[in-house]
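[1] just a sequence and a predicted model for now, questions to come.
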Amino acid sequence: MKFNTKTIHGGQQPDKAYGAVMPPIYQTSTYAQSTPGGHKGYEYSRTHNPTRNALENAFASIENGTHGLAFGSGLAAIDAILKLLQPGDEVISTNDLYGGTYRIFKKIFEGFGIKFHFVGMENTSAIEHYINENTKLIWVETPTNPMMNIIDIKAASLVAKKHHILLAVDNTFATPYLQQPLDLGADIVMHSATKYIGGHSDLVMGALIVKNEQLAKKLYFIQNASGAICGPQDSFLALRGIKTLHVRMQRHCENGKAIAHFLKTHPKVDKVYWPGFEDHPNHHIAKKQMNDFGGMISFSTKEDSYEGAIKVIERLKVFTLAESLGGVESLAGHPASMTHASIPKAAREKIGVTDSLIRLSVGIEDIDDLIADITQALT
């Protein structure tokens, strides 16, 4: 079954009760039993819920995995991965990553005795320098947030396998429409399903997908024991979002390409970060492991100041100034004061997240309206 068909049918079957095509919302906390332990596969909705299970099957299908897990947020999904570790373990992470990921690494799990190394992984050979007997996890974002750096997942997986280390890939920006990390050798794929998978800015959710039975069992245990699950209503909304993922992503990519090229030639724009440019670092890797280049773009203006960036994003009218990304509507943000504010200023500026950087999540509106909006904001 090809991807565009999987988004609609993958892992799904009509509801057994009445043949409903869309999985019903099972808004229940518990299930009747005929005798203790005598039930129809469901006891308590923290452990299992039919709507959430349908969603988890869909997650597994679109990422070519065997097991999917749905969580209350992307950070709850990351939390579950880190709970596979023990005090004294070490993690090698890309140095350009979502501020919330950095925060949970440094402010929560570092306090439990886990050590984190933040490394530029554009050349995956840099990973080897930090590996020792305590290294248990390599954490990759690609494209990275917000600098759009590209990391070679297959090359990273070879390093991980050589040293018997888990490789987890945050696939939020690319989505399985553009790249499928499990096929490239990753052990775990993570999504903030709040973003492109949900696609309509109406839910908060995280996802993990694996294709190793033992690893899946460990994560299911953590999911149930820690309880950071999503509810049936959000599961239903995410299932609905998945069914249109392929058509939405096609438009996101088309609009993203048009805006990236427009910004690159604009006289008031300094730098544009988008992996589709041939001169973008590791463009050849992006071309190899991705089907297209996505709708996420970062740029800075020639004014090169916090005040200049704020003036531009406050003038936008079609683009909405807001946190998050991946919805049908176009969003603009200021990483240094919004999504990445939890990262110390010196650390974020070292990787290029300056006060003048603006991040765009290009939606699926008419491209002429989007370009006109950016034009008036920059004027």
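    It's in.
[2] Ala332 and Leu182, how far apart?
    Distance, Ala332 to Leu182, using Cβ to Cβ, to the nearest Å: 32 Å. The C-beta positions use only the backbone N, C-alpha and C, and glycine is treated the same way.
[3] meant to ask about Pro36, not that
    For Pro36 relative to Leu182 (Cβ to Cβ), the value is 39 Å.
[4] neighbour-wise, which of these two wins?
    Comparing Pro36 with Leu182 by other Cβ atoms under 10 Å, the one with more neighbours is Leu182, at 23 against 6.
[5] would you check that the more buried one makes contact with Ile209?
    Yes: between Leu182 and Ile209 there is a contact under Cβ atoms under 8 Å: 6.7 Å.
[6] list residues touching both of those two?
    By the contact definition Cβ atoms under 8 Å, 6 or more residues apart in numbering, Leu182 and Ile209 are jointly contacted by 63, 65, 189.
[7] what are the phi and psi values for the nearest residue to the second one once chain neighbours are set aside?
    Okay, so that is Gly65. Leaving out its chain neighbours, the residue that sits closest to Gly65 by Cβ to Cβ, 6 or more residues apart in numbering is Ile209, at 3.9 Å. Dihedral pair for Ile209: phi -130, psi 130, per degrees, to the nearest 10.
[8] who does Ile209 bridge with?
    Gly68, Val189 (DSSP bridges).
[9] again with Ser298
    Counting by DSSP bridges, the residues bridging with Ser298 are Tyr273, Arg359.
[10] and for it, the neighbour number?
    23.
[11] now Leu219: which helix or strand?
    Secondary structure from DSSP states H and E places Leu219 in helix 213-226.
[12] tell me the helix or strand right after that helix.
    Next along from helix 213-226, by DSSP H and E: helix 232-243.
[13] contacts for that next one?
    Outside helix 232-243, the residues within contact range by Cβ under 8 Å, 6+ apart are 7-8, 22-23, 25-28, 45, 49, 51-52, 54-55, 58, 62, 70, 193, 197-200, 202-205, 230.
[14] now, which of the residues you listed lie within strands?
    Assignment to strands by DSSP state E places the following of these there: Ala70.
[15] now the buried members of the contacts of helix 232-243.
    7, 23, 25-26, 45, 49, 51-52, 54-55, 58, 62, 70, 193, 197-199, 203-205, 230 (16 or more other Cβ atoms under 10 Å).
[16] domain map for the chain?
    Annotated domains of the chain cover 3-243, 246-378 [automatic domain parsing].
[17] now the end-to-end length of the longest one.
    Using Cα to Cα, to the nearest Å, the span of domain 3-243 from its first residue to its last is 11 Å.
[18] repeat that for the shortest one.
    Using Cα to Cα, one end of domain 246-378 lies 32 Å from the other.
[19] which residue ranges of the stretch 251-379 of the chain form strands?
    Along the stretch 251-379 of the chain, the segments classed as strands by DSSP state E, counting those that start in this stretch run 269-273, 296-301, 320-321, 331-333, 357-361.
[20] what angle sits between the helix ranked longest in the chain and helix 232-243?
    The longest helix of the chain (DSSP state H) is helix 245-264. With axes from the mean of the first three to the mean of the last three Cα atoms, to 10 degrees applied, the angle from helix 245-264 to helix 232-243 works out at 70 degrees.
[21] other residues contacting helix 245-264?
    Contacts of helix 245-264 (Cβ under 8 Å, 6+ apart): 3-4, 7, 62, 175-178, 196-197, 199, 269, 272, 274, 276-277, 292-297, 299, 328, 360, 362-365, 367, 370-371, 374.
[22] those in helices, which ones?
    Residues of the contacts of helix 245-264 located in helices (DSSP H): 3-4, 7, 62, 175-178, 367, 370-371, 374.
[23] which of those ranks first by neighbour count?
    Counting neighbours by other Cβ under 10 Å, the top entry in these is Pro176, with 29 neighbours.
[24] give me the three-state assignment for Val169.
    The three-state label given to Val169 by DSSP: H, G, I helix; E, B strand; the rest coil is strand.
[25] check the gap between it and Tyr44 for me.
    For Val169 relative to Tyr44 (Cβ to Cβ), the value is 32 Å.
[26] comparing the two, which shows the higher neighbour count?
    More neighbours surround Val169 than the other of Val169 and Tyr44, with 29 against 13 (other Cβ under 10 Å).
[27] residue contacts, the more buried one?
    140-142, 153, 181, 186, 188-190.
[28] narrow those residues to those that are buried.
    Buried among the contacts of Val169 (16+ other Cβ under 10 Å): 140-142, 153, 181, 186, 188-190.
[29] Glu323: which of the residues you listed is nearest?
    Glu141 (17.4 Å; Cβ to Cβ).
[30] correct me, but that closest one touches Tyr98?
    Yes: using Cβ under 8 Å, Glu141 is in contact with Tyr98, at 7.0 Å.
[31] what is in contact with those two at once?
    Joint contacts of Glu141 and Tyr98 (Cβ under 8 Å, 6+ apart) are 170, 172.
[32] quick check: mean pLDDT across stretch 350-363?
    Stretch 350-363 carries an average pLDDT of 95.
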